[in-house]
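Q: Have a look at this prediction, sequence included:
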Amino acid sequence: RDRRNRDGARVSWMTDPAITSGQVAVRFVAGNSACVHEALDLEAAQYSDIVFVESQDCRKWHSPTKVHAWYQYALAKFPNAQWYGKMEDDGMVRSTALLSDLGILKSATYYGIMRWQGTCQQLDPGAPAAACGGTVSCYSHGAFHSASANC
């Protein structure tokens, strides 16, 4: 859990007018595990921008489960959102520009980059042979419902 990434986001790209106006909601996502709560409970209380989803999060290879849990949470928490997104906490996004791009796309759309960055076994030899992530993506409300219906 890199607090520096979250703090950097809070004073830089999270000051974008699309976020400060409430058009875009930003949440840092963590698994609902004891190891995570020890590290993040005080920060979550201070900033109210960290959510805990039903997923383990103490090892890098827990990421795919956490991403799935995030989208389930986001759909329940923000049922009227037109788009749901995910990015790593060390990335940056220009929210106003992103909203402009998304505004011209049709429903049931995927927008983003999905690239896997090696296996988790390189980082943790005990991890299952699964990809570790490296995605920046947005799904329209329609696309998300279509995809989740087939899972």
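A: Great, that's in hand.

Q: For burial, what's the neighbour tally of residue 46?
A: The local packing of residue 46 (other Cβ atoms under 10 Å) involves 9 other residues. Every residue, glycine included, has its C-beta placed from N, CA and C.

Q: List the buried residues in the one helix or strand it maps to.
A: Element membership for residue 46 (DSSP states H and E) is helix 34-47. By 16 or more other Cβ atoms under 10 Å, the buried positions in helix 34-47 come out as 36, 39-40, 43-44.

Q: now for the residues you listed, which pair is the farthest apart?
A: Using Cβ to Cβ, the pair of the buried residues of helix 34-47 lying farthest apart is 36 and 43, separated by 10.9 Å.

Q: partner residues bridging the most centrally placed residue in the chain?
A: The residue lying closest to the centre of the chain (Cα atoms, centre = their mean) is residue 86, at 3.4 Å. Judged by DSSP bridges, the bridge partners of residue 86 are residue 137.

Q: Residue 69 is in contact with that one, correct?
A: No - Residue 86 is beyond contact range of residue 69, at 11.2 Å (criterion: Cβ atoms under 8 Å).

Q: who touches both of these two?
A: Counting by Cβ atoms under 8 Å, 6 or more residues apart in numbering, the shared contacts of residue 86 and residue 69 are residue 29.

Q: where along the protein do the strands fall?
A: 28-31, 50-53, 83-86, 110-114, 135-140 (DSSP state E).

Q: quick one, helices of this structure?
A: 3-11, 17-20, 34-47, 63-77, 95-103, 141-149 (DSSP state H).

Q: From the structure, what's the count of residues near residue 66?
A: 21.

Q: Likewise for the one 10 residues further on?
A: If you count neighbours by other Cβ under 10 Å, residue 76 ends up with 8.

Q: and if you look at residue 74?
A: 22.

Q: ok, for it, nearest residue in space, not its chain neighbours?
A: Nearest residue to residue 74, sequence neighbours excluded (Cβ to Cβ, 6 or more residues apart in numbering): residue 84, at 4.8 Å.

Q: ok, that neighbour - contacts?
A: Counted by Cβ under 8 Å, 6+ apart, residue 84 has contacts 71, 74-75, 78, 138-139, 141, 144.
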